[in-house]
Structures are given as structure tokens and as C-alpha cells.
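S.K.: here is a sequence with its predicted model. Questions after.
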Amino acid sequence: MRGLTKVFEGGIHALRGIDFHIKDGEIFGLLGPNGAGKTTTINILATLLKQTSGEAVVNGFDCLEEPHKVRQSIGIVFQDPSSDDMLTGRENLHLHGLMYGLRKAEREKRIEEVLRLVELTDRADDRVRRYSGGMRRRLELARGLLHKPKVLFLDEPTLGLDPQSREHVWRYIGGLVDEGGLSILLTTHYMEEAEKLCHRVAIIDRGKIIVLDTPKGLTESVGGDVVALKTGNPDVTALAEKEYVLSIEQKEGLLTLTVRDAKQNLPEILRLAGRVESVEMHSPTLNDVFLHYTGREIREGPEEGGYGTRMMMSVKRR
């Protein structure tokens, strides 16, 4: 994508000139809150929406000029369930194979292969309405892979799943690229999902790519450990003057610091933090990265159409 923008009716800017390139065999993550532009990006690349300006190319085909070839190249798992719950799992796959023009012998072979891949062979002839949320998600993964796409789009693939089902889906996604011949664009607002699955992650907010790197590179860019204290009357000014303090964020009795050498400097931090009720210290996560670059947390992101706010004071020391 180069300079991709999307403006909806009423002057709503969903995308504001985003650029990135996904490599062959790569799991690439778009990480951001609701309303950041993740689903809009997927919909443009899947030819479900037309961009306002800029260029989108999938598997060598321009999304505006050659949409049919783009659709032949991609598989997609939508954010909302899209399988027919009155049909069986096998019937859903059979219908998808017909739509993609797979010949009968190839279609039947691929159906058995993808059912085995997602461990649904023994439930293939049950109606989808009897599937759990995790089983349904796995069926939709199987459907997206049935016609051997070059690119797979996963829009919040584990949204609403329990932790065990989420782990199962992660295992299948992680194994897909290992088999070769597939690139994946995954959108998520789960930090752990991006850290676990993605080779590279682009943090997107308010229609812009804020930063792009490997998960390790992103967390290292924060530059220190994170210390979170539940406290009253902290001496924020004094803390901000300390050379080891890189950033300070305060909200509703919670003081969050990014610091160098947290263990060594913790006694002085506690002294200046006032009446401390609890303290937590950890290495940076992608949520800390998002907070560092945007001043708010991913989980505080608004629904589509609005933007959340959070105050952050940055101490510019590197």
C-alpha cells in the first residue's frame, strides 16, 4: 500500500495515507483500538471498499484495476461470524469450493485436508449452529484456506473467544506460514496476539501508521522498564527531573513510569511516589508501546467513529 486514504461520507477520515509492504511468508499485524482503521484497510485490500486515493496491490494485482484476480488470490476470515449455521461444516466448505470453481475431486480432497488441519473432521457433518465459538472460528479459517490463497486476511480472528479457544486458533495460524506459500495480514487489538504471532507489527491509530517494527523492536523502542504504582499525592515534578525517568503517565490514582534500571532506582521512586498502596514492575509490552507513542492505551480505544482520550506527560530523554 502506498499513500492509501479513505474518506467516508460526512468527511470521516478512516485512513490518512498509510504505507506498508508485506513480505512473502510473513505474518504482519495491524495493532490498534476500535476505530483505528484496521477493518477499513482489510476491506480495501479485499476489494470490498474502494480507496479514496493511493495504491493497493495484492499478489501483484491492483485492487481497483484487477479486483477479480485479487479475489482469486486471497482468503479472508471476517471479524463477525459469516458461516451459514443451518448448514453443516462440510456443506459450508463445499459451497465455498463451488464459488471458487474448484473441480469436484480437488474440492473433496481440499475439504478433507482443511478439516484435518483445524481438527474438525469428527464434527464436519454437524450443523454449524451446534458449534462452539472456537469451532466456528476454526471452520472459517478452514474455509479461507480451502482454495489455497496466496494471502490470508484475518480481521480480529479471536475476538470474543475464551482463552483456551484463542490459544487453539493461535496454534493453527502460527502453523500456516510454516507450511509455506502463504502471507497473512492480521488485525487485532490484543497485544499478546500480536506479540505471539507476528513477524512485524504496524501500530495504527486514527487512520495513520504510528510506528512499524518487529514486536521486539517495538518494545525496545520504549527504552526502559515500566513501573505502575497505585498511589496518592506523588511528587510528579520531582520524578520528572530524574534522569532515569523517561515518561510519566497519571490517571485516577495510578502512576505509570517508564524508567531505566528500575530495580536500582525503585527505592527513590517509592520515596517520591507518596503513599503507595501497590507497585508493579514489568518489561515493556506492546500496550506500553502504544501508550508511549499515542498517550493512551489500546484497550481504551473507542468504538468505530470516535476517538478516546488519555493524558500522558512525556519526558524527552534518550
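M.R.: Right, received. Where do you want to start?

S.K.: mind listing the helices for the stretch 151-300 of the chain?
M.R.: 163-178, 191-197, 215-222, 236-240, 262-272, 286-294 (DSSP state H, counting those that start in this stretch).

S.K.: of these, flag the one that's most buried.
M.R.: Highest mean neighbour count of these: helix 286-294, a mean of 23 (counted as mean count of other Cβ atoms under 10 Å). Where C-beta positions appear, they are placed from N, C-alpha and C, glycine not excepted.

S.K.: for it, which outside residues touch it?
M.R.: By Cβ atoms under 8 Å, 6 or more residues apart in numbering, the surrounding residues in contact with helix 286-294 are 31-32, 191, 194-195, 201, 203, 205, 210-211, 215, 218-219, 221-222, 226, 247, 249, 256, 258, 284, 296-299, 310, 312.

S.K.: same thing but 6 Å
M.R.: Helix 286-294 has contacts (Cβ atoms under 6 Å, 6 or more residues apart in numbering) with 191, 194-195, 203, 205, 210-211, 218, 222, 226, 297-298.

S.K.: hang on, the earlier thing: could the helices of the stretch 151-300 of the chain be laid out in TSV, adding distance to residue 13 and mean pLDDT?
M.R.: Shown next, in TSV, are these (distance: least, Cβ to Cβ, whole Å; pLDDT from 0 to 100):
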stretch	distance to residue 13	mean pLDDT
helix 163-178	31	82
helix 191-197	24	88
helix 215-222	25	88
helix 236-240	34	93
helix 262-272	39	92
helix 286-294	17	83
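
S.K.: adding distance to residue 112, write those out as JSON lines.
M.R.: Output for those, formatted as JSON lines (distance: least, Cβ to Cβ, whole Å):
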{"stretch": "helix 163-178", "distance to residue 112": "16"}
{"stretch": "helix 191-197", "distance to residue 112": "26"}
{"stretch": "helix 215-222", "distance to residue 112": "35"}
{"stretch": "helix 236-240", "distance to residue 112": "62"}
{"stretch": "helix 262-272", "distance to residue 112": "53"}
{"stretch": "helix 286-294", "distance to residue 112": "38"}
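
S.K.: compare these and report which one is nearest to residue 97.
M.R.: Among the helices of the stretch 151-300 of the chain, helix 163-178 comes nearest to residue 97, with 18.6 Å by Cβ to Cβ.

S.K.: gap between that closest one and the chain center?
M.R.: How far helix 163-178 lies from its chain's middle: 14 Å, per Cα atoms, centre = their mean, to the nearest Å.

S.K.: and if you look at stretch 271-290?
M.R.: 24 Å.

S.K.: and it, end to end?
M.R.: Stretch 271-290 has an end-to-end distance of 28 Å (criterion: Cα to Cα, to the nearest Å).

S.K.: re the thing from before, got a markdown table for the contacts of helix 286-294, with distance to residue 158 too?
M.R.: Shown next, in a markdown table, are these (distance: Cβ to Cβ, whole Å):
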| residue | distance to residue 158 |
| --- | --- |
| 191 | 13 |
| 194 | 11 |
| 195 | 14 |
| 203 | 19 |
| 205 | 21 |
| 210 | 23 |
| 211 | 23 |
| 218 | 20 |
| 222 | 25 |
| 226 | 25 |
| 297 | 19 |
| 298 | 15 |
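
S.K.: ok, back up a step: looking at the helices of the stretch 151-300 of the chain, which is closest to residue 149?
M.R.: Here helix 163-178 is closest among the helices of the stretch 151-300 of the chain (Cβ to Cβ), at 10.5 Å.

S.K.: packing partners for that closest one?
M.R.: helix 133-145, helix 191-197 (3 or more Cβ pairs under 6 Å, 6 or more residues apart in numbering; DSSP states H and E).

S.K.: measure the residue positioned nearest the centre of the chain to residue 213 for me?
M.R.: In the chain, the residue lying closest to the centroid (Cα atoms, centre = their mean) is residue 188, at 2.2 Å. Separation of residue 188 from residue 213 (Cβ to Cβ, to the nearest Å): 16 Å.

S.K.: again, but for residue 64
M.R.: 30 Å.

S.K.: coming back round to it: of the helices of the stretch 151-300 of the chain, which is nearest residue 106?
M.R.: helix 163-178 (19.6 Å).

S.K.: what's the angle between the closest one and helix 133-145?
M.R.: Here helix 163-178 points in a direction 20 degrees away from that of helix 133-145 (axes from the mean of the first three to the mean of the last three Cα atoms, to 10 degrees).

S.K.: need the contact partners of helix 163-178.
M.R.: Contacts of helix 163-178 (Cβ under 6 Å, 6+ apart): 25, 27, 118, 134, 137, 141, 157-158, 182, 196-197.

S.K.: buried ones only from the residues you listed, please, as a ChimeraX command.
M.R.: To isolate the buried subset of the contacts of helix 163-178 in ChimeraX, counting by 16 or more other Cβ atoms under 10 Å, use the following:
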select :27,118,134,137,141,157,158,182,196,197
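
S.K.: follow-up on the earlier one: and the pLDDT at the residue nearest to the centre of the chain?
M.R.: If you check residue 188, the pLDDT there is 88.
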